[in-house]
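With the sequence up front, the predicted model follows.
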Amino acid sequence: MQNRILIFWKLHRLSMVLALASGLLYAVFAYDLVRTEFMKMIGLFAVLFFFCFKLIQFQKWNFRFLLLVGILFRLVFLLAIPNLSQDFYRFIWDGELLGIGVNPYLFLPDELISDPEFLLANADALHSGMGELSARHYSNYPPLNQFFFYICTLLGGKTILGTVIAMRSLIILADVGIFFFGRQLLKHLNRSPHLIFWYFLNPLVIIELTGNLHFEGVMLFFFVWALHLLSVKQWAWAAVVYALSISIKLVPLIFLPLFLKHFPWKRSFLFYGIIGLVILLTFVPFYDPAFLANYSDTITLWFSNFEFNAGIYNAVKKVGLQFEAKPWELIKSYGKVTPLLVILTVLIISFLRKNQKLQILITSMLFVLALHFFLSATVHPWYIIFLIVLAIFTEFRFPIFWSAVIILSYSAYSNPDFRENLGLLFIEYFVVFGILLYEIIRLRGQKLLFRKN
């Protein structure tokens, strides 16, 4: 046994040193960083990303080692209160409301907290922690997500830290599930299984999902599982699992038209029917005449009222201001136009691309979602994690580069008035668009060369 350890150390000592150093840096990130410390944040993130690259480079065929390392990195955050996002307070609030039989879609936190008869575990701390913006809007988290919030509050024993640990454990398990199904899907697509580590060891994924408790990872678990089921021709079960993904985060809804040509026509409508039925069943327990109005109003706000880390929108805004456009009117008009552009693009891709092949379908998904984010006025760093997952099943790598530079968007929190640094955002999007253009030209050149041969 001792000889085996010595041999392993001699063969892998550099990787083990990198893993240990990464673990220590993650600990600093988790327990000794506030989001206003921008230079410290990007310094830690840059080193962690470099170490991630080297670990994959050195150990990409050592799946057990990298899987263990990825899990240990996540466990470093286990007892930490999220330091880059306050959304988790709203997650716990919604879960606690379900625990006392209150529908989170029907009441504003500001309304409830002002009621002297309202009793909720840690109500004051949760209300103040979620911030004014969240407190004055209805919940926008879909039903299955609410169910997970509720389960985590039960497991958390009515304490904030306990619920944080329960949520973090769930997200870690989801990431392990993504690793398992993602590796199987890569094999089916005849792609190198080691590519899954660009998700599993990616610092943005670890920090934003495990660290900051965003449930994109749980949604992506069901999404990747659904793709895996499609790859093994279990389309009916894939529809059920895909619907569960939508019921955690609505994002996968955007891809539904792409399945029109993936299946024969009759099967396509059966696929949509199963998805619609499962989604409907998850919403039924929350139904109330006021539910649809409250929920749709909250979703609409994200398209027409908020802006953060925008790409094309910032360019449009810059031009608009030259013509004396009013920013609050511009974003409302922009928010009405961009969903129509995305829907039109989805429909064009749905009918013009040969989405019958799963890899082409996934590539179509990648470009549809990328366009949505390029046009969006709000692109939080954890949003693009979906692009990372899609990218590893395709020939494109621009989302991985984006995951390395999107940390620049956090510069806004280092300013007292939360003003964004447009110079840093320009660098971020210059890198992303530059890599994307290069990849499009390179891949088109390879295809033309292949055709000549």
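Alright, I've got the coordinates.

how many other residues sit next to the residue lying closest to residue 365 once chain neighbours are set aside?
Here the nearest residue to residue 365 in space, its sequence neighbours aside, is residue 255; by Cβ to Cβ, 6 or more residues apart in numbering that works out to 5.0 Å. All C-beta atoms are positioned from the backbone trio N, CA, C, and that covers glycine. Burial of residue 255 is recorded as 22 neighbouring residues (other Cβ atoms under 10 Å).

ok, residue 255 - contacts?
The neighbours of residue 255, taking Cβ atoms under 8 Å, 6 or more residues apart in numbering as the test, are 346, 365, 368-369.

filter those residues to the buried ones?
For those, burial is judged from neighbour counts taken by 16 or more other Cβ atoms under 10 Å, and it is met by 346, 365, 368-369.

so which of the residues you listed comes closest to residue 172?
Minimum distance to residue 172 across those is 24.4 Å, recorded for residue 369 (Cβ to Cβ).

and the gap between residue 135 and residue 294?
Separation of residue 135 from residue 294 (Cβ to Cβ, to the nearest Å) stands at 15 Å.

Count the neighbours of residue 384 for me.
Residues near residue 384, counting by other Cβ under 10 Å, number 24.

thought residue 124 was touching residue 113?
Yes. When contacts are counted by Cβ atoms under 8 Å, residue 124 is listed as touching residue 113 (7.4 Å).

ok, these two, which is more surrounded?
Neighbours of residue 124 and residue 113, each counted by other Cβ under 10 Å, are more numerous for residue 113; the result is 16 against 9.

Now do the same contact list for the more buried one.
Contacts of residue 113 (Cβ under 8 Å, 6+ apart): 123-124, 127, 135.

And the strands in the chain, which stretches?
Assigned strands in the chain: none (criterion: DSSP state E).

low pLDDT regions in it?
Counting by pLDDT under 70, the chain contains low-confidence residues at 1-5, 7-11, 301-305, 321, 323-325, 327-329, 445-453.

tell me, how many neighbours does residue 40 end up with?
Residues lying near residue 40 (other Cβ under 10 Å) number 14.

can I assume it is in contact with residue 33?
Yes. Taking contact to mean Cβ under 8 Å, the distance of 6.2 Å between residue 40 and residue 33 places them in contact.

Tell me the spacing between residue 35 and residue 41.
Residue 35 sits 7 Å away from residue 41 when distances are taken as Cβ to Cβ.

Now the common contact residues for the two.
Counting by Cβ under 8 Å, 6+ apart, the residues touching both residue 35 and residue 41 are residue 410.

of the two, who's got more company?
Per other Cβ under 10 Å, whichever of residue 35 and residue 41 has more neighbours is residue 41, with 22 against 16.

What distance do you get for the more buried one to residue 234?
Distance, residue 41 to residue 234, by Cβ to Cβ: 43 Å.

closest to residue 191 among the contacts of residue 255?
Checking those against residue 191 with Cβ to Cβ, the nearest one is residue 365 at 15.6 Å.

tell me the helices in the stretch 301-450 of the chain, going along the chain?
Using DSSP state H, counting those that start in this stretch, the helices of the stretch 301-450 of the chain run over 312-322, 327-352, 358-375, 385-391, 398-405, 422-452.

which stretch among these comes nearest residue 306?
helix 327-352 (8.1 Å).
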